[in-house]
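1. generate a structure from the sequence data that follows.
(chains A and B)
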Amino acid sequence: MKYVMLIYQGAALEQQAELSEEEQKQVAADYQGINQTPGVTPGLPMGLPGNATTVRVDGGRTLTTDGPFVGMKEAVGGWFILEADDLDAAIEVAARVPAARYGGAVEIRPSEVYW
Amino acid sequence: MVATLEQVFRAEWGRVLATLIGFLGDFDLAEEAAQEAFAMAADRWPRDGVPSNPRAWLMTTARNRATDRIRRDRALATKLRLIVARDGAEVPMMTTPFRDERLELIFTCCHPALAVEAQVALTLRTLGGLSTDEIARAFLVPERTMAQRLVRAKRKIKAARIPFRVPPVHLLRERLEAVLAVVYLIFNEGYGGRDELAAEAIWLGRALAELLPDEPEVHGLLAMMLLHDSRREARFSGGELVLLDDQDRSRWNTGQIAAGRAELDRALALGGRGSHVLQAAIASLHAEVPCDWAQLAALYGELGRLTGSPVVELNRAIAIAETEGPEAGLRIVDQLGLDDFRYLHSTRAELLRRLGRTDEARDAYRRARLLTDDGAERRFLERRLTELGSTLS
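-> Got it, this is the predicted structure:
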């Protein structure tokens, strides 16, 4: 079963900036650990939502706006794909993502075949 | 005959459904098949007699219905050139004993990835065998809403692949808490007067105690429910709420108190000291005459440290008021930040009344009354106000 794992930073980037050098190294190591976990296909690292551009098409006209589709705090901060047996296995991996313990969160979305 | 059938259905529904889900890996298909099998039984058994092994009959019939259904779907899919591979479509006759998979079922229904209302509804539907309509009525929501809640929950179990299993050891404690919380919630809903839910919760508690005989908290929860429920008949008199002190003890169900205490002893023997065990010990003390208030205060203290709950602290204050006087109780009550909690105000009112501080007592009863919707409780507060010589405005 494939899950799309969405990382929301929330307050995590601010909280992590306050950490000691040692702890920050641990955060980096934990992200690397996630990427090396069996079943994980890492996503491309995402830039900050402040640099996002949102596109809509209204009556054939392309409308672009500055920023993410949702609010800056609610924007997706990263993602990866996880192949796991079931939701419990996915929850265990999600709980290891540093953002989840520093005021952010991980959303687990089962992938679906639509066509 | 009808009663016997109902008893069999009631006892077997959860087990048959659990085994079918384990076997088919699909809630909807299993439920449909179980329903068909039970309908066939209702039709045939009164005419032909109840089979010697009703469970095996129900299980085999349901399984055959499900297998037929999969074959039909598959034939259809083949015709449409949309061949879907399915596991387990070819199955031998069920000759081995059926595994009891109710535990797997309840852990799946109470998975934290489901909303609590969905956990409750799903547990009552699958394990309890209540109809959607019955659950809807018990929780005072339209049947459509309840049906959607169940459909959504089942869809998520499938789509997100919530596992159908007893959690591994490192998750068990945490997940068991979620299961007990659901049963407790069902009981509490029933405690307000909807008896059928209280009975349902006790039934689920008994099933859990049978399935997890070595978990003290399971026995603790069952003990607590039995002990509280034993006073059900005495809690109301002519639709009016009667406080513990004023209850007619001859209306307490002594058999149920004994059963509750036996469960509590079992929990204690297993070394239990968790929140459900403590609550059961408290309920057991409440059933004693005279009540040992000092011990009660100590138990509330322990429970409060465990849960950090101000409501527990409020109860400790009541026990302290009995041993050290209303003044001491009031000192604890006035430190609690529970301003919107009706029982804080009714407790304050009661303590102030005993201290003869009538004006303050009246104010507190009024505040409690404003926060109370429930008819019987509201009328109780109004009686108190009248006793204090107050007009109700």
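2. which element is the residue in the stretch 151-300 of chain B that chain A sits nearest to on?
-> The nearest approach of the stretch 151-300 of chain B to chain A comes at B:Pro163, 4.0 Å away (Cβ to the nearest Cβ). Any C-beta I mention is one placed from the backbone N, CA and C, and that applies to glycine too. Secondary structure from DSSP states H and E places B:Pro163 outside every helix and strand.
3. phi and psi next, for it.
-> phi -70, psi 150 (degrees, to the nearest 10).
4. residues of chain B that sit close to chain A?
-> B:His111, B:Ala113, B:Ala159, B:Ala160, B:Arg161, B:Ile162, B:Pro163, B:Pro167, B:Leu171 (Cβ under 8 Å from any Cβ of the partner chain).
5. the first one in helix, strand or coil?
-> Going back to what we said before, that points to B:His111. Following DSSP: H, G, I helix; E, B strand; the rest coil, the label given to B:His111 is coil.
6. name the nearest residue to it, ignoring sequence neighbours.
-> Excluding its sequence neighbours, the residue lying closest to B:His111 (Cβ to Cβ, 6 or more residues apart in numbering or on different chains) is B:Ile162, at 4.8 Å.
7. which residues sit in contact with the one you found?
-> A:Asp86, A:Leu87, A:Asp88, B:Thr108, B:His111, B:Ala113, B:Leu114, B:Lys156 (Cβ atoms under 8 Å, 6 or more residues apart in numbering or on different chains).
8. same question, A:Val55
-> Applying Cβ under 8 Å, 6+ apart, the residues near A:Val55 are A:Thr62, A:Leu63, A:Thr64.
9. okay, those residues in TSV with secondary structure next?
-> Below are these laid out as TSV (three-state DSSP):
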residue	secondary structure
A:Thr62	strand
A:Leu63	strand
A:Thr64	strand
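10. most neighbours, which of those?
-> A:Leu63 (10 neighbours; other Cβ atoms under 10 Å in any protein chain shown).
11. doesn't B:Glu382 fall inside a helix?
-> Yes. Residue state for B:Glu382 (three-state DSSP) corresponds to a helix.
12. for burial, what's the neighbour tally of the residue of the stretch 151-300 of chain B closest to chain A?
-> Neighbour number of B:Pro163 under other Cβ under 10 Å is 17.
13. the least confident helix or strand in chain B by mean pLDDT: what's the following helix or strand?
-> When each helix and strand of chain B is scored by mean pLDDT, DSSP states H and E, strand B:240-241 comes last, with a mean of 78. Moving toward the C-terminus from strand B:240-241, the next helix or strand (DSSP H and E) is helix B:254-269.
14. residues in contact with that following helix: which ones?
-> B:209, B:216-217, B:219-220, B:222-227, B:229-230, B:276-277, B:280-281, B:283-284, B:287.
15. before we move on, back to that, so which elements touch the least confident helix or strand of chain B?
-> Strand B:240-241 sits against helix B:375-387, with contacts defined as 3 or more Cβ pairs under 8 Å, 6 or more residues apart in numbering or on different chains; DSSP states H and E.
16. what helices or strands is the helix it packs on leaning on?
-> strand B:240-241, helix B:342-354, helix B:358-370.
17. deepest-packed of those, please.
-> Among the helices and strands packed on helix B:375-387, ranked by average contacts under mean count of other Cβ atoms under 10 Å in any protein chain shown, first place goes to helix B:342-354 (a mean of 22).
18. just the element for the closest residue to B:Leu127 other than its chain neighbours, please.
-> Nearest non-adjacent residue to B:Leu127, counting by Cβ to Cβ, 6+ apart: B:Gly14, 4.3 Å away. Per DSSP H and E, B:Gly14 falls inside helix B:2-24.
19. likewise B:Val182?
-> In this assignment (DSSP H and E), B:Val182 forms part of helix B:169-191.
20. buried residues, the helix or strand following that helix. List them.
-> Using DSSP H and E, the helix or strand that follows helix B:169-191 in sequence is helix B:195-211. Neighbour-count burial for helix B:195-211, with 16 or more other Cβ atoms under 10 Å in any protein chain shown as criterion, is recorded at B:197-209.
21. quick one: helix B:195-211 to helix B:254-269, angle?
-> Inter-element angle recorded for helix B:195-211 and helix B:254-269: 40 degrees (by axes from the mean of the first three to the mean of the last three Cα atoms, to 10 degrees).
22. what's whatever helix or strand comes next after helix B:195-211 packed up against?
-> The first helix or strand that comes after helix B:195-211 along the chain, using DSSP H and E, is helix B:216-229. Contacts defined by 3+ Cβ pairs under 8 Å, 6+ apart place helix B:216-229 against helix B:169-191, helix B:195-211, helix B:254-269, helix B:275-286.
23. kindly export the second one (C-alpha atoms) in CSV.
-> Presented in CSV, the C-alpha positions along helix B:195-211 are these (Å, rounded to 0.1, in the frame of the first residue of the first chain):
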residue,chain,number,x,y,z
ASP,B,195,-30.7,2.4,29.7
GLU,B,196,-30.2,0.4,26.5
LEU,B,197,-26.8,2.1,26.0
ALA,B,198,-25.7,1.3,29.6
ALA,B,199,-26.7,-2.3,29.1
GLU,B,200,-24.8,-2.3,25.8
ALA,B,201,-21.7,-0.9,27.3
ILE,B,202,-21.8,-3.6,30.1
TRP,B,203,-22.3,-6.2,27.5
LEU,B,204,-19.2,-5.0,25.5
GLY,B,205,-17.3,-4.8,28.8
ARG,B,206,-18.1,-8.4,29.6
ALA,B,207,-17.0,-9.4,26.1
LEU,B,208,-13.7,-7.5,26.5
ALA,B,209,-13.1,-9.1,30.0
GLU,B,210,-13.6,-12.5,28.5
LEU,B,211,-11.2,-11.7,25.6
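24. residues of chain A that sit close to chain B?
-> Close to chain B, as judged by Cβ under 8 Å from any Cβ, chain A has residues A:Met1, A:Asp85, A:Asp86, A:Leu87, A:Asp88, A:Ile91, A:Ile108, A:Pro110, A:Glu112.
25. residues contacting the nearest residue to the residue of the stretch 151-300 of chain B closest to chain A once chain neighbours are set aside?
-> In this structure, B:Pro163 finds its nearest non-sequential neighbour in A:Asp86, 4.0 Å apart by Cβ to Cβ, 6+ apart. Neighbouring residues of A:Asp86 by Cβ under 8 Å, 6+ apart: A:Met1, B:Arg161, B:Ile162, B:Pro163.
26. next, give phi and psi for the nearest residue to the first one once chain neighbours are set aside.
-> For A:Met1, the nearest residue in space outside its immediate sequence neighbours is B:Arg161; the separation is 4.9 Å by Cβ to Cβ, 6+ apart. The phi and psi torsions at B:Arg161 (degrees, to the nearest 10) take the values phi 50, psi 70.
27. what's the local residue count around B:Arg161?
-> 19.
28. so how far is the helix or strand where A:Arg56 lies off the chain centroid?
-> Using DSSP H and E, A:Arg56 sits in strand A:53-58. Offset of strand A:53-58 from its chain centre (Cα atoms, centre = their mean, to the nearest Å): 22 Å.
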